[in-house]
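Chemist: okay, here's the prediction I keep looking at, along with the sequence it came from:
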Amino acid sequence: MLRIEDAVLVLIDVQGRLADVMHEKDMLFLNLQKLLRAMPLLGVPVIWMEQTPDKMGQTSAPIRDLLTGNTPIAKTTFGCCGNEQFMKRLQELGRHTVALAGIEAHVCVYQTAAQLLEKGHQVEVVADAVSSRSPVNRSIALERMQAMGARLTSVEMLIFELMQTAEHPAFRDIMRIVK
């Protein structure tokens with residue numbers, strides 16, 4: 001079972017025009033918004049990544065608006081672990097279960113999952129909160145990540161597994177988010 005005190009969410013590259021051409025974009029954005037509303041209520045930190053924002057643009061407004069008080073980390077490497085700031089932040093948090101959400105599943109999400117697994121982290125890929133331009137690339141990425149040892153989860157599954165009980169102080173607020 002996942003533990004809140006050991007979990008961190010990594011939001012990867014939901015930016016600019018690329019975000020607008022994701023397969024099932026509306027569902028992706030809805031699920032990302034649920035996830036980003038729930039994590040602060042559960043006390044799960046979010047590491048916010050952007051791929052070359054000077055070229056790709058900022059994180060899409062509906063997502064960026066939920067990240068107040070958080071600062072994006074710019075990267076040029078596809079996998080987040082190739083970024084020194086990311087690794088420093090992850091180390092500072094001292095958390096070993098890393099949930100991944102964002103785009104593109106077959107590039108940056110996949111390479112981040114592979115690198116984190118190689119470094120001994122437990123990786124949870126939030127399958128309904130990752131996408132690619134093509135459903136085939138998304139599907140292959142999910143299969144590859146799972147074959148490497150990442151676990152697939154969904155937004156609701158992750159939230160409720162972290163919460164573990166209806167007696168959690170955030171239960172009512174979480175229910176409003178998921179409904």
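Modeler: All right, it came through fine. Worth saying up front: this structure is predicted, and the values here are computed from it rather than measured.
Chemist: could you give me the buried positions within stretch 169-179?
Modeler: Across stretch 169-179, burial judged by 16 or more other C-beta atoms under 10 Å covers 170, 174, 177. Bear in mind the C-beta positions are built from the backbone N, C-alpha and C, glycine included.
Chemist: ditto for stretch 70-78
Modeler: For stretch 70-78, by 16+ other C-beta under 10 Å, it's 72-73, 75, 78.
Chemist: also stretch 130-149?
Modeler: Within stretch 130-149, the residues that count as buried by 16+ other C-beta under 10 Å are 130-133, 137-138, 141-142, 145.
Chemist: ok, Met145 - contacts?
Modeler: 109-110, 113-114, 123, 125, 152 (C-beta atoms under 8 Å, 6 or more residues apart in numbering).
Chemist: check Leu42 too.
Modeler: 4, 159, 162-163, 168, 170, 174.
Chemist: can you check Leu32 too?
Modeler: The contact partners of Leu32, taken as C-beta under 8 Å, 6+ apart, are 11, 14, 63, 101-102, 129.
Chemist: would you mind finding the longest helix in the chain?
Modeler: In the chain, assigned by DSSP state H, the helix with the most residues is helix 25-42.
Chemist: next SSE downstream of that helix?
Modeler: strand 46-51 (DSSP states H and E).
Chemist: for that next one, what is the distance to the chain centroid?
Modeler: Computed by C-alpha atoms, centre = their mean, to the nearest Å, the chain-centroid distance of strand 46-51 equals 9 Å.
Chemist: next one: stretch 110-124
Modeler: Centroid separation between stretch 110-124 and its chain, computed with C-alpha atoms, centre = their mean, is 13 Å.
Chemist: which residue packs closest to Thr77, ignoring adjacent ones?
Modeler: Among residues not flanking Thr77 along the chain, Asn83 sits closest, at 5.7 Å (C-beta to C-beta, 6 or more residues apart in numbering).
Chemist: isn't that neighbour right up against Leu90?
Modeler: No: Asn83 is beyond contact range of Leu90, at 9.9 Å (criterion: C-beta atoms under 8 Å).
Chemist: okay, the residue nearest to Thr77: pLDDT?
Modeler: pLDDT for Asn83: 97.
Chemist: just the helices from the chain, written as ranges.
Modeler: So, for the chain - with DSSP H - the helices run 16-20, 25-42, 53-56, 61-64, 84-93, 110-118, 135-148, 155-163, 171-178.
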